[in-house]
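*Asks:* Sequence and predicted structure below; questions after.
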Amino acid sequence: MRKENSDFKTAFVSEAGSFIDNRDYFAFVELEDMACYVIADGLDTDREVHSAKMAVSVILESFMEKPSLSRRKIRQDLEAAHEWLKFESRRVRLKASVLVVVTNYTQMVWASCGHARLYQFRGGRLNLRSKDQSLAQLLLEDGRVSEDGLSSHEERGNLLSYLGRPDRFEPYISEKTPLSDGDVLLLCTPGIWEEVELPEMLDALAESSDPDSLTDTLEDIVLSKQRQTVSNYTAAAIFANKTFAEEPKNRKKWIMRIAIMLLTMAIAGGGIWYAKARQAAKLADTVMQMTEYEQEGDEYATAGDYPKALKAYSEAKNAASKLKDKLHFQLLRNKQRVAQAVTDGDEYVKDGSFDMAVDSYTKALGEADKYKPFKVEDIEARIERSEAVAKLTEVIKEGDIQFQNQDYNRALDTYKKAYRAAIEANYPSGQKQLETKMEEAEGKINNIHRETKTLQADNLEKKGDRALTVLDYNGAIEAYTLAQEIYQEIDKLERVLAMERKIAKADEKRNPIVPAAGQADSAGAGAGSGVSGTQGQGIGGNSRANGSGVASDGNGAASGTGANGASGYTGSGSQASSGGGSPANANGSASGQSPANQGTAGSLTETEETGSGSSNTMNNNEERSEASDGGEGA
């Protein structure tokens, strides 16, 4: 309810200046009843670990676990960050200067360790400024340095206390300081207060109506100095537009409460011992919980179940913190780190970040040999597996490139090679992924094979069509049969049936049906039927084998015989002739002999006779023929 009935606005700016990395860090949290603002300046040069960010994160986490304006609690939060930096100081010593402001929206307590500063402005004037823990500050207090010269003194960076200091840690923690409506709090690192003088801050404050404009103006002032080298700089402004107004205390009511408390304590004097006994019992339970959780964590770590081990070690560490057992707290935190590193490595493997997984496992391996529950060989196996899977990933990428280039056979071979490697590396998700890729490659190969076979069968079918056109029935049937076999192979059933029909048609033409003896379309055995023609149409009968043919019309007739059959011609009002004969007139006749297999003119009626003289009549409207040479005309 305090936050809802107050109005605090916050804004900040933080930049690296002329450097690549920004070693400053600011963060804050505003809860319903309290808020905490933390600013830090990293003093080390470690490029992998940011000490300022680490310190701010630890302090805020500790604050959120139990928010309090207690100076003792704030010191504990700072000590937790101090110990954390010392523990993480592996490559280089991690160091940070930090400033913390905790408020209940009515009062504030601030703590300083180093040379990060707090300015409190009220009514447009400076109300207070935090003191640096530096040699320059001591010289100022001794009167050997002026206030104006403090920001540029050569000993301003010679700190007497800071987070991560190996020997002693002595932060300054203020008393509770009341806040008023309209107060402005400015938290800043040396990158700001070394460049911006107090009069410039007051001018910027006078021109600003909100925290955003104030921080932007301070940044403009820093950059306007146009220094050759600009340090990291961070400024955070908090405008307390309205503080929470507490109800005035009822003096008589509090006197009555105190009297009742004293009377109760006097009556129940023995209750103190009872309370102490209960507190001792509670501590004993906490010790038992810590021991049990640690044993569970050791068992899970031995079994290789690191996520459960991580949870158990965390519970045991919390119990040690309640007991204020620093020795067990440090031990359990180290075990927790090993379990956390292995768990993180497993998660990186699931995400496919194998390089990061190897780094995490290697970090765990460096600490695992110090604690019996952790199996070094298990972590080494994880490292080997991650490296193998990393190589496997490269092979899969090679196969993907081949697949994209439509080299499906090589891609399939590469995927099969990777699949065998995934089985050896015990990489189930990779096996499943490769199974899908192999199916896709095989599908592409099968499609290409099917298309190739289809094209081959289509060409054979066209070859059969061409053979059928030139009356090469045997060639057509052979081509259709081969095409049908290929269509059958690739499961094109419609084309299989189509080839069956084409084969049957070609076979019918190759082996036509011959009619039985004595059955003819003409009237009379061995006689060719005549078709009349007028106005210049010639009609003839063509007899093959050893029979004779007769053709006639209404006006004249011609007949003839030959060794293999003869052709006769007749014409009405037109002219019929053979090779050496003479034409006949309109009412005359002509006969002659000619070789076999000669065509007829006009509409031809062809009669084929067998030995019995039977004939079959066919109409042919497409061919023209003339009487052969050597015939006679009359």
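*Replies:* Great, that's in hand.
*Asks:* name the element the residue nearest to residue 357 when sequence neighbours are not counted belongs to?
*Replies:* With CB to CB, 6 or more residues apart in numbering as the criterion, residue 357 has its nearest non-adjacent residue at 3.7 Å, and that residue is residue 348. For every residue, glycine as well, the C-beta is placed using N, CA and C. Taking DSSP states H and E as the definition, residue 348 sits inside helix 326-351.
*Asks:* which other helices and strands contact that helix?
*Replies:* For helix 326-351, the packing partners by 3 or more CB pairs under 8 Å, 6 or more residues apart in numbering; DSSP states H and E come out as helix 271-303, helix 306-323, helix 354-368, helix 376-404.
*Asks:* Run a quick neighbour tally on the residue nearest to residue 357.
*Replies:* Per other CB atoms under 10 Å, the neighbour tally for residue 348 reads 19.
*Asks:* Give me the three-state assignment for the closest residue to residue 395 other than its chain neighbours.
*Replies:* Using CB to CB, 6+ apart and skipping the chain neighbours, the partner closest in space to residue 395 is residue 418 (4.4 Å). Look at residue 418: counting by DSSP: H, G, I helix; E, B strand; the rest coil, its state is helix.
*Asks:* Now render the helices and strands packed on helix 326-351 as TSV, adding distance to residue 436, mean pLDDT and mean neighbour count.
*Replies:* Below are these laid out as TSV (distance: least, CB to CB, whole Å; pLDDT from 0 to 100; neighbours: other CB atoms under 10 Å):
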stretch	distance to residue 436	mean pLDDT	mean neighbour count
helix 271-303	33	79	14
helix 306-323	29	86	21
helix 354-368	20	86	20
helix 376-404	11	86	17
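*Asks:* will you turn those into a markdown table that also has distance to residue 85?
*Replies:* Formatted as a markdown table, the helices and strands packed on helix 326-351 follow (distance: least, CB to CB, whole Å):
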| stretch | distance to residue 85 |
| --- | --- |
| helix 271-303 | 25 |
| helix 306-323 | 18 |
| helix 354-368 | 18 |
| helix 376-404 | 26 |
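*Asks:* Kindly state which of those is positioned closest to residue 514.
*Replies:* helix 376-404 (62.5 Å; CB to CB).
*Asks:* and residue 156, backbone torsions?
*Replies:* In terms of degrees, to the nearest 10, the main-chain angles of residue 156 are phi -70, psi -20.
*Asks:* Going by secondary structure, the closest residue in space to it that isn't next to it in sequence is in what exactly?
*Replies:* For residue 156, ignoring the flanking residues on the chain, the nearest one in space by CB to CB, 6+ apart is residue 136 at 4.2 Å. According to DSSP H and E, residue 136 maps onto helix 135-141.
*Asks:* Same question for residue 37.
*Replies:* strand 35-42.
*Asks:* Can you list the helices and strands that that strand packs against?
*Replies:* strand 24-30, helix 51-65, strand 96-103, strand 183-188, strand 233-242.
*Asks:* Can you add mean pLDDT, distance to residue 436 and mean neighbour count and give the ones you listed back as a markdown table?
*Replies:* Below are the helices and strands packed on strand 35-42 laid out as a markdown table (pLDDT from 0 to 100; distance: least, CB to CB, whole Å; neighbours: other CB atoms under 10 Å):
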| stretch | mean pLDDT | distance to residue 436 | mean neighbour count |
| --- | --- | --- | --- |
| strand 24-30 | 95 | 44 | 20 |
| helix 51-65 | 93 | 42 | 21 |
| strand 96-103 | 96 | 50 | 27 |
| strand 183-188 | 96 | 55 | 24 |
| strand 233-242 | 96 | 50 | 23 |
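*Asks:* so which of those gets nearest residue 129?
*Replies:* Within the helices and strands packed on strand 35-42, the stretch nearest residue 129 is strand 183-188; the backing value is 9.5 Å (CB to CB).
*Asks:* so the closest one versus strand 96-103, what angle?
*Replies:* Using axes from the mean of the first three to the mean of the last three CA atoms, to 10 degrees, the direction of strand 183-188 lies 160 degrees away from that of strand 96-103.
*Asks:* Check which helices and strands the helix or strand just after strand 183-188 is in contact with.
*Replies:* Toward the C-terminal end, the helix or strand that comes next after strand 183-188 (DSSP H and E) is helix 190-193. Applying 3+ CB pairs under 8 Å, 6+ apart, we find helix 190-193 packed against helix 211-224, strand 233-242.
*Asks:* Which one of the ones you listed lies nearest to residue 290?
*Replies:* Closest to residue 290 of the helices and strands packed on helix 190-193 is strand 233-242 (CB to CB; 38.6 Å).
*Asks:* export that closest one as PDB, just CAs?
*Replies:* What follows is strand 233-242, C-alpha atoms only, in PDB (Å, rounded to 0.1, in the frame of the first residue of the first chain):
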ATOM      1  CA  TYR A 233      29.600   6.700 -16.700                       C
ATOM      2  CA  THR A 234      26.300   5.900 -15.000                       C
ATOM      3  CA  ALA A 235      23.700   8.200 -13.400                       C
ATOM      4  CA  ALA A 236      20.400   7.300 -11.800                       C
ATOM      5  CA  ALA A 237      17.800   9.900 -10.800                       C
ATOM      6  CA  ILE A 238      14.900   9.200  -8.400                       C
ATOM      7  CA  PHE A 239      12.200  11.900  -8.100                       C
ATOM      8  CA  ALA A 240      10.300  11.500  -4.800                       C
ATOM      9  CA  ASN A 241       7.300  13.600  -6.000                       C
ATOM     10  CA  LYS A 242       5.200  12.300  -3.100                       C
END
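*Asks:* what angle do that strand and strand 183-188 make?
*Replies:* 170 degrees.
*Asks:* Give the partner strands of strand 233-242 in its sheet and their orientations.
*Replies:* strand 7-15 (antiparallel), strand 183-188 (antiparallel) (DSSP bridges).
*Asks:* what about the residue nearest to residue 222 when sequence neighbours are not counted, distance to residue 227?
*Replies:* Closest residue to residue 222 apart from its sequence neighbours, by CB to CB, 6+ apart: residue 195 at 4.7 Å. Going from residue 195 to residue 227 by CB to CB, to the nearest Å gives 7 Å.
*Asks:* which ones are touching the residue nearest to residue 156?
*Replies:* 145, 150, 153-156, 158 (CB atoms under 8 Å, 6 or more residues apart in numbering).
*Asks:* just residue 117 next, same as before
*Replies:* Contacts of residue 117 by CB under 8 Å, 6+ apart are 99, 129-130, 132, 187-189, 193.
*Asks:* Closest to residue 405 out of those?
*Replies:* Once CB to CB is applied, the member of these that ends up nearest residue 405 is residue 189, at 55.0 Å.
*Asks:* Run a quick neighbour tally on that closest one.
*Replies:* Residue 189, neighbours per other CB under 10 Å, totals 29.
*Asks:* What residues are bridge-paired with residue 178?
*Replies:* residue 107.
*Asks:* Check which element follows the helix holding residue 136 along the chain.
*Replies:* strand 172-173.
*Asks:* neighbouring strands for that following strand, and are they parallel or not?
*Replies:* strand 107-113 (antiparallel).
*Asks:* Just the C-alphas of the helix or strand just after the partner strand, formatted as CSV.
*Replies:* Using DSSP H and E, the next helix or strand after strand 107-113 towards the C-terminus is strand 117-122. Below are the C-alpha coordinates for strand 117-122, written out as CSV (Å, rounded to 0.1, in the frame of the first residue of the first chain):
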residue,chain,number,x,y,z
ARG,A,117,28.2,8.6,-4.7
LEU,A,118,24.7,9.6,-3.5
TYR,A,119,23.4,13.2,-3.8
GLN,A,120,20.2,14.3,-2.1
PHE,A,121,18.6,17.5,-3.4
ARG,A,122,15.8,19.3,-1.6
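*Asks:* All set, thanks.
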